[in-house]
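>>> Mind looking at a prediction? Sequence and model below.
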Amino acid sequence: AQKVTQAQTEISVVEKEDVTLDCVYETRDTTYYLFWYKQPPSGELVFLIRRNSFDEQNEISGRYSWNFQKSTSSFNFTITASQVVDSAVYFCALREETSGSRLTFGEGTQLTVNP
Amino acid sequence: GAGVSQSPSNKVTEKGKDVELRCDPISGHTALYWYRQSLGQGLEFLIYFQGNSAPDKSGLPSDRFSAERTGGSVSTLTIQRTQQEDSAVYLCASTTGPGPYEQYFGPGTRLTVT
């Protein structure tokens, strides 16, 4: 069965620090998709990124970067030079090809960026 | 364009009452999902619609939960004889199709069962 683990329940940093949110997944599928979502205090989940299992290229988008490593079943998310507006709960999610269209979410990491 | 909308935003109900939660997906999105977010269980999948059909309803926690979708658009999640453990935020999401596309989420309905 698929599983997503975000071991860090809460992280607190000071503005401008870099921070990495960890995500480890389990799946038996060879084709799968990984996602990161942000849930700000307003509550609405915001899509950040999707990767498929055949593309291990790291991705950078502004201050955000993602490191996908199949060898360790990890899909970590780094925020560079964090800002107060980055404060939110971040969820990692997995979609398996054989499990239909559902997303399996990790427990989420509460990130607090202090000024 | 308009995003996914859900109503009501908040619902307080007495134990044993039935409730209906509504989701309006993004126009043209054929796939629709319901999830539940609660403190103890995190974000859980409930049901998936493709068009008006529900090929995956395996996440519904009991037969008190049901959902329908009409006209390939609006969906209603119904909880009968509500229990306190049903208290949660119910989230709806939609995508352009059944593929591995990003799901766009609505703001959720916060259900409190007293």
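Yep, it's here.
>>> only C-alpha atoms for contact and neighbour calcs from this point on.
Noted.
>>> Quick check, pLDDT for the one residue in chain A that gets nearest to chain B.
Chain B sits closest to residue A:44 of chain A, with a gap of 4.7 Å, by CA to the nearest CA. If you check residue A:44, the pLDDT there is 89.
>>> Please name the nearest non-neighbouring residue to it.
residue B:107 (4.7 Å; CA to CA, 6 or more residues apart in numbering or on different chains).
>>> helices or strands up against the lowest-mean-pLDDT helix or strand in chain A?
Across the helices and strands of chain A, mean confidence by mean pLDDT, DSSP states H and E is lowest for strand A:59-61: a mean of 89. Of the remaining helices and strands, those touching strand A:59-61 by 3 or more CA pairs under 8 Å, 6 or more residues apart in numbering or on different chains; DSSP states H and E are strand A:64-69.
>>> Roughly how far does residue B:95 sit from chain A?
10 Å (CA to the nearest CA, to the nearest Å).
>>> Is that residue bridged to anything, and to what?
Taking DSSP bridges, one obtains residue B:31 as the residues bridged to residue B:95.
>>> just the one 10 residues further on next, same as before
On DSSP bridges, the residues paired with residue B:105 through beta bridges are residue B:93.
>>> Pull the contacting residues for the spatially most central residue of chain B.
By CA atoms, centre = their mean, chain B has its centre lying nearest to residue B:34, at 3.4 Å. Residues near residue B:34 by CA atoms under 8 Å, 6 or more residues apart in numbering or on different chains: B:45-48, B:90-93.
>>> neighbours of the closest residue to residue A:45 other than its chain neighbours, just the number please.
Excluding the flanking residues, the one nearest residue A:45 by CA to CA, 6+ apart is residue A:39, at 4.6 Å. Counted by other CA atoms under 10 Å in any protein chain shown, the residues lying close to residue A:39 total 19.
>>> What's the per-residue pLDDT of residue A:39 here?
Looking at residue A:39, the pLDDT reads 95.
>>> what does residue A:48 give?
95.
>>> Can you give the strand pairings for the helix or strand harbouring it, parallel or anti for each?
Applying DSSP states H and E as the criterion places residue A:48 in strand A:46-52. Applying DSSP bridges to the sheet, strand A:46-52 is found paired with strand A:32-39 (antiparallel).
>>> ok, back up a step: can you list phi and psi of the residue nearest to residue A:44 for me?
The phi/psi pair for residue B:107 (degrees, to the nearest 10) reads phi -80, psi -10.
>>> And it, how far from residue A:45?
Counting by CA to CA, to the nearest Å, the separation of residue B:107 from residue A:45 is 8 Å.
>>> Can you pull up the residues of chain A that come close to chain B?
A:33, A:35, A:43-47, A:50, A:95, A:100-108 (CA under 8 Å from any CA of the partner chain).
>>> Buried among those? Need that as a selection in ChimeraX.
The ChimeraX command for the buried members of these (criterion: 16 or more other CA atoms under 10 Å in any protein chain shown) is given here:
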select /A:33,35,43,44,45,46,47,50,95,101,102,103,104,105,106,107,108
